[in-house]
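>>> coordinates only, sequence not included:
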């Protein structure tokens with residue numbers, strides 16, 4: 001133990017100077033205290049001055065010592081230490097928020113919410129069957145890693161380069177082309193953890209210093225199945241939108257898949273639960289139709305918010321209004337899983353962007369607030385649009401609207 005103690009005095013650690021400065025301050029305070037008790041006024045006054053100087057040395061030394069130690073664990077971020085400490089302490093006081101979904105919609109939501117609270121949990125679908133995730137599922141018999149990867153990167157508290165690394169997609173190379181590094185990393189982590197996908201996500205979260213938690217909605221290797229109005233059936237998340245028929249119902253195979261214990265615990269302990277934005281049938285519902293998930297959401301005392309998409313999606317929500325989205329959500333899960341619905345009521349004025357969507361038979365979702373109110377659900381309609389090349393939710397507007405709704409509800413509860 002004494003050997004480890006003397007290691008603190010090795011050159012280059014930048015600790016010795018502040019330790020000696022601290023000791024010097026303590027000595028000055030001690031000497032000053034002796035002088036301050038002198039019957040002579042001049043000597044006593046000098047003692048008080050020495051005590052004040054000693055205290056200044058002690059405070060300065062402790063502060064510098066803490067910074068020196070922290071910079072050992074946070075290299076290159078010395079200037080950010082105060083901001084990091086303040087942010088962590090402030091965000092730790094935030095409400096417990098659970099976000100449920102998948103795809104780009106959920107990751108964009110997390111980017112905004114992580115600046116509001118550190119008590120943030122993402123429950124993510126693992127039913128993706130297309131692209132890199134689909135290939136890895138076939139080859140390694142694992143659940144889809146793609147949406148998990150996007151959420152890990154969104155909540156990462158590491159330098160931007162690490163996020164870019166996880167999102168990097170190989171454009172060439174036999175066996176690599178089309179795969180993202182993050183998907184391969186998660187797949188390798190599953191192999192290292194002996195097929196434990198939950199642990200693989202936890203270990204990956206440590207690598208990316210994730211702010212909050214990312215939890216798979218299930219660790220069963222589920223596949224999404226759609227039954228259409230004409231009785232036909234299509235299996236596979238990526239294939240469902242390609243049929244261009246009205247979906248009657250959605251279910252999973254195997255049908256005995258269960259939610260993860262962590263997901264159920266997060267739902268039970270949540271203050272706020274947010275569902276969406278994201279593809280209704282292929283990002284949000286795959287989480288809600290897992291056996292037991294609807295019941296857990298209905299039983300939760302959290303305030304439950306559904307964020308409706310701003311555009312319809314061909315093959316999934318053709319001609320859907322906001323109330324249609326909500327109706328399907330409730331029919332597939334439980335009537336008590338939504339307390340409020342957040343919808344966009346701003347008009348898309350960019351004709352060029354609209355024309356691109358029309359070519360794909362996608363149109364703005366009608367904000368039929370009155371029909372939602374008639375369903376007994378609170379509705380907040382506001383401008384949530386971001387229109388550039390794509391019409392989507394503006395992350396900042398969405399976050400601000402959610403925070404206003406959350407804070408209003410918290411005030412009411414108090």
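Structure received. Please read these numbers as outputs of a predicted model, since none were measured by experiment.

>>> Return the residues in contact with the nearest residue to residue 314 once chain neighbours are set aside.
Distances taken as CB to CB, 6 or more residues apart in numbering put residue 361 closest to residue 314, at 4.4 Å, once the chain neighbours are dropped. Where C-beta positions appear, they are placed from N, C-alpha and C, glycine not excepted. Neighbour list for residue 361: 312, 314, 318 [criterion: CB atoms under 8 Å, 6 or more residues apart in numbering].

>>> Surely the second one is in contact with residue 362?
Yes - between residue 314 and residue 362 there is a contact at 5.7 Å, judged by CB atoms under 8 Å.

>>> what about those two, which has more around it?
Counted by other CB atoms under 10 Å, residue 314 and residue 362 do not tie: residue 362 has more neighbours, with 20 against 16.

>>> isn't that one right up against residue 312?
Yes - applying CB under 8 Å, one finds residue 362 in contact with residue 312, separated by 5.3 Å.

>>> Could I get the buried residue list for the helix or strand residue 108 falls within?
Following DSSP states H and E, one finds residue 108 within helix 103-113. With burial defined by 16 or more other CB atoms under 10 Å, the residues of helix 103-113 counted as buried are 103, 104, 105, 106, 107, 108, 109, 110, 111, 112, 113.

>>> residue ranges with poor pLDDT in the stretch 101-250 of the chain?
Flagging of the stretch 101-250 of the chain using pLDDT under 70 yields the residue ranges 159.

>>> Which residues belonging to the lengthiest helix in the chain are considered buried?
Counting residues, the longest helix found in the chain (DSSP state H) is helix 41-73. For helix 41-73, a neighbour-count test (16+ other CB under 10 Å) marks 47, 50, 51, 54, 57, 58, 61, 64, 65, 68 as buried.

>>> And stretch 393-401, by the same measure?
Counting neighbours by 16+ other CB under 10 Å, stretch 393-401 gives 393, 394, 395, 397, 398, 399, 401 as buried.

>>> And the buried residues of helix 41-73, which two are furthest apart?
By the measure CB to CB, 47 and 68 form the most distant pair in those, at 31.1 Å.

>>> quick one: secondary structure of residue 224?
strand (DSSP: H, G, I helix; E, B strand; the rest coil).

>>> What of residue 122?
strand.

>>> bridging residues for it?
residue 99, residue 214 (DSSP bridges).

>>> ranges for the strands of the stretch 51-200 of the chain?
Using DSSP state E, counting those that start in this stretch, the strands of the stretch 51-200 of the chain run over residues 97-101, 120-124.

>>> Name the residue closest to the centre of the protein, please.
residue 110 (3.9 Å; CA atoms, centre = their mean).

>>> neighbours of the closest residue to it other than its chain neighbours, just the number please.
Computed as CB to CB, 6+ apart, the closest residue to residue 110 that is not its neighbour in sequence is residue 154, at 4.1 Å. Residue 154 is flanked by 25 other residues according to other CB under 10 Å.

>>> repeat for residue 191
So residue 191, with other CB under 10 Å, has 11 neighbours.

>>> OK, contacts around it?
Contacts of residue 191 (CB under 8 Å, 6+ apart): residue 140.

>>> where does it sit relative to residue 139, distance-wise?
Applying CB to CB, to the nearest Å, the value for residue 191 to residue 139 is 11 Å.

>>> mind listing the helices for the stretch 301-414 of the chain?
Applying DSSP state H, counting those that start in this stretch to the stretch 301-414 of the chain gives helices spanning 322-332, 351-358, 369-374, 395-413.

>>> Of all those helices, which one is nearest residue 263?
Residue 263 lies closest to helix 322-332 among these, at 17.3 Å (CB to CB).

>>> and the closest one, what does it pack onto?
helix 285-288, strand 303-307, strand 340-344, helix 369-374 (3 or more CB pairs under 8 Å, 6 or more residues apart in numbering; DSSP states H and E).

>>> which parts of whichever helix or strand comes after the first one are buried?
By that I understand helix 285-288. Counting by DSSP H and E, the element after helix 285-288 in chain order, helix or strand, is helix 293-299. Residues of helix 293-299 classed as buried by neighbour count (16+ other CB under 10 Å): 293, 294, 296, 297.

>>> Repeat that for stretch 301-320.
302-318, 320.

>>> now stretch 238-252
Under the neighbour-count criterion of 16+ other CB under 10 Å, stretch 238-252 has 240, 241, 243, 247, 250, 251, 252 buried.

>>> now do stretch 222-239
For stretch 222-239, using 16+ other CB under 10 Å, the buried residues are 222, 223, 224, 225, 226, 228, 234, 236, 237.

>>> of these, closest to residue 266?
residue 222 (19.2 Å).

>>> ok, that closest one touching residue 259?
No - using CB under 8 Å, residue 222 is not in contact with residue 259, being 11.0 Å away.

>>> which residues do these two both contact?
Residues touching both residue 222 and residue 259 (CB under 8 Å, 6+ apart): residue 290.

>>> which stretch among the helices and strands packed on helix 322-332 comes nearest residue 277?
strand 303-307 (4.6 Å).

>>> and that closest one, which strands flank it?
Counting by DSSP bridges, strand 303-307 is paired with strand 272-275 (parallel), strand 340-344 (parallel).

>>> any chance of those in TSV, plus distance to residue 31?
Converted to TSV, the strands paired with strand 303-307 look like this (distance: least, CB to CB, whole Å):
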stretch	distance to residue 31
strand 272-275	57
strand 340-344	65
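
>>> Dump those strands into a markdown table; add distance to residue 17, mean pLDDT and mean neighbour count as well.
Output for the strands paired with strand 303-307, formatted as a markdown table (distance: least, CB to CB, whole Å; pLDDT from 0 to 100; neighbours: other CB atoms under 10 Å):
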| stretch | distance to residue 17 | mean pLDDT | mean neighbour count |
| --- | --- | --- | --- |
| strand 272-275 | 48 | 97 | 26 |
| strand 340-344 | 55 | 97 | 25 |
